[in-house]
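# one predicted model, sequence on top.
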Amino acid sequence: MAKPLATIVSAGVTRFGTRHGVYARELFAEAAQEAFDKCPNLSPRKHIDGLFVGQMSECYEHQAHSAPMIADWAGLLPAPAYRSEAACASSGVAMRLGIFAIQSGMHDIVLVGGVEKMTNRPTAIVTEYLGMASDFPFEQWHGITFPGIFGMMATAHMAKYGTTEEQLAKVAVKNHENGMLNPKAQLQKKITVGDVLSSRPVAWPLKLYDCSLISDGASCLVLTNPKLAKKFTDTPVHIVGSGQAQDTLGLFERDDVASMNVTTLAARDAFKMAKVDVKRIDLAEVHDCFTIAEIMAYEALGFCKQGKGGRLIDEGVTNLGGRIPVNTSGGLKAKGHPVGATGTAQACEIYLQLTGQAGKRQVKGAEVGLTQNIGGSASTAVVQIYRRGD
Amino acid sequence: MALNPSPTIESFYKFCAEKKLMGVKCAKCKRITVPPRVACPQCGNARLSWIELPSRGRLVTYTVIHVPPAQFQTLAPYAIGIVEFAKGTRLPGMIRNVKFENLRIGMELQTDFETTIPTEWPQWPRYFFKEP
């Protein structure tokens, strides 16, 4: 396996959900405090020399220029702070920027993370704000929503590969079961395939329980130059591969709407960099913004052949206890999806798993993990590979 | 010579006001591109000419939106889909006057245009799809 690009020495994540009266800067400070508390050798203001934070939208809090504000609330002034925006992949991208910063030699220890405060707005407005990450002239202007975009992917996938609504439902059932083992997950509720199938339609064939949640939350990781990691922890987690790729903003401009080529490309780069094969992956957090997206992620990441994602969920391969547990955190579906926080929240889960801190949802002996974070209709995909340190 | 009108999204929607769905055709590789761009996305050639898209295309995929954004509340539920007019030449839009249960991938749809011009920015007249 390849040399580490950067090393995670601590991580923090807030409880996800409806956090009345708590705003983005305060949510981020909460996540940062947890990461700092878990790392007693770290003096944040002294050691952390940069902040990379993902946040999708200024709209929810009418607040732009959030990087200095978040740096201030996290106690990191005057360290340079950068905000990245890549819709739901905002903090996946922020994490890569942190890796670049360390790889460049200009930074030694950085905080990477993400935040979103969403529940202070009604659903129709949130739908509109999220929709801003789709193509304005041809998607938004014609009333196309994000559930609509993934609904069109699902329709195409079902027609081409015979994927069923029951198979989509099984993704939600699995992720809800996992979420019940995560005290920070937004939903702590067991559901059945029947519950999913009978939930109200959002964008056919997607129903309410096929959709991820509207959430408030923040997450962060302390990344160091791999050489410095031992100063701060006995249980480092190394990032050994990182890939990112882009596709058209509009779904309609792609030749194939039943596959997620951009994830395949990002994964190819990450696997090549990590010098590992997909068979080495012990567990993964994938971007289940909608149940169909998890099925398409299985295929694009090479967990199964193209078109066989439905069968993979049928066979229980991705269940906790299966060959490749996926979304042990509960995923976006049950843990919650504060969009800017999602990419680094996925990394936090892998960090907890690889350091044996995942409690009731611990995957025993996990050594190598993967995250897949997408933005918009998968116009951005970020795939990262992690290895437990010695 | 520069294309007139220029190959912009604004020009595309001005043509919609004349009830025309227009793309640009590459002089070199013959690909028809919509929305128009300054150069062919397939071969990079910038010698393009305007061409009217066929009035009918085939449905690539679709969904029925039950939870719309705020400004589409009164229309829900409504069908949307992606229609292909020629290989690689696709547009998404609303599908009107087709029963949801009759929607099928591959079905033929025809382009039509709304007669009222929206008052909100950017005031682009909308096209939509219907059964021929």
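Alright, I've got the coordinates.

# helices of chain B, start to end?
Using DSSP state H, the helices of chain B run over B:9-17.

# quick check: closest non-adjacent residue to the residue in it that chain A sits nearest to.
Closest to chain A within chain B is B:Thr63: 3.2 Å, counting by CB to the nearest CB. C-beta here means a position set from N, CA and C on the backbone, and glycine is covered the same way. Sequence neighbours aside, A:Gly151 is the residue nearest to B:Thr63 in space, at 3.2 Å (criterion: CB to CB, 6 or more residues apart in numbering or on different chains).

# ok so, going back, what's the residue of chain B closest to chain A in contact with, if anything?
A:147-148, A:151-152, A:154-155, A:203-206, B:79-81 (CB atoms under 8 Å, 6 or more residues apart in numbering or on different chains).

# one more pass at 6 Å, please.
A:148, A:151-152, A:155, A:203-204 (CB atoms under 6 Å, 6 or more residues apart in numbering or on different chains).

# distance of the residue lying closest to A:Lys275 once chain neighbours are set aside from A:Thr371?
Nearest in space to A:Lys275, with sequence neighbours left out and distances taken as CB to CB, 6+ apart, is A:Ala2 at 4.4 Å. A:Ala2 sits 17 Å away from A:Thr371 when distances are taken as CB to CB, to the nearest Å.

# then B:Thr116?
47 Å.

# pull the number of nearby residues for the closest residue in space to A:Ile191 that isn't next to it in sequence.
Using CB to CB, 6+ apart and skipping the chain neighbours, the partner closest in space to A:Ile191 is A:His176 (4.9 Å). By other CB atoms under 10 Å in any protein chain shown, 23 other residues sit near A:His176.

# beta partners of the residue nearest the centre of chain B?
In chain B, the residue lying closest to the centroid (CA atoms, centre = their mean) is B:Leu91, at 4.0 Å. Taking DSSP bridges, one finds B:Val83 as the beta-bridge partners of B:Leu91.

# so which bits of the least confident helix or strand in chain A by mean pLDDT are buried?
Lowest on mean pLDDT, DSSP states H and E among the helices and strands of chain A sits helix A:123-131, with a mean of 92. Buried residues in helix A:123-131, counted by 16 or more other CB atoms under 10 Å in any protein chain shown: A:126-131.

# between the contacts of B:Thr63, which is nearest A:Trp141?
Closest to A:Trp141 out of the contacts of B:Thr63 is A:Gly148 (13.0 Å), distances taken as CB to CB.

# one step back: compare A:Ala2 and A:Thr371 (neighbour count), which wins?
A:Thr371 (27 against 14).

# and the more buried one, what element?
Assigned by DSSP states H and E, A:Thr371 belongs to strand A:368-375.

# pull the contacting residues for A:Asp135.
The contact partners of A:Asp135, taken as CB under 6 Å, 6+ apart, are A:249-250.

# now it: how far from B:Met94?
Distance of A:Asp135 to B:Met94, given as CB to CB: 15 Å.

# before we move on, what about A:Lys190?
Taken as CB to CB, the span from A:Lys190 to B:Met94 is 38 Å.

# who has more neighbours, those two?
B:Met94 (20 against 11).

# now that one. Nearest residue, chain neighbours left out?
In space, and not counting its chain neighbours, B:Met94 is closest to B:Phe128: 4.5 Å by CB to CB, 6+ apart.

# buried ones in the following helix or strand past the least confident helix or strand of chain A?
Next in sequence after helix A:123-131, counting helices and strands by DSSP H and E, comes helix A:146-161. Buried residues in helix A:146-161, counted by 16+ other CB under 10 Å: A:146-158, A:160-161.

# list the neighbouring strands of the strand holding A:Thr371 plus their orientation.
strand A:283-285 (parallel), strand A:380-388 (antiparallel).

# chain center to that strand, what's the gap?
Here strand A:368-375 is found 7 Å from its chain centre; the criterion is CA atoms, centre = their mean, to the nearest Å.

# what's the answer for stretch B:39-53, then?
Centre-to-centre, stretch B:39-53 and its host chain are 16 Å apart (CA atoms, centre = their mean).

# state the distance from A:His20 to A:Gln33.
Separation of A:His20 from A:Gln33 (CB to CB) stands at 20 Å.

# so which of the two has more stuff around it?
The neighbour count for A:His20 versus A:Gln33, taken as other CB under 10 Å, is higher for A:Gln33 (17 against 8).
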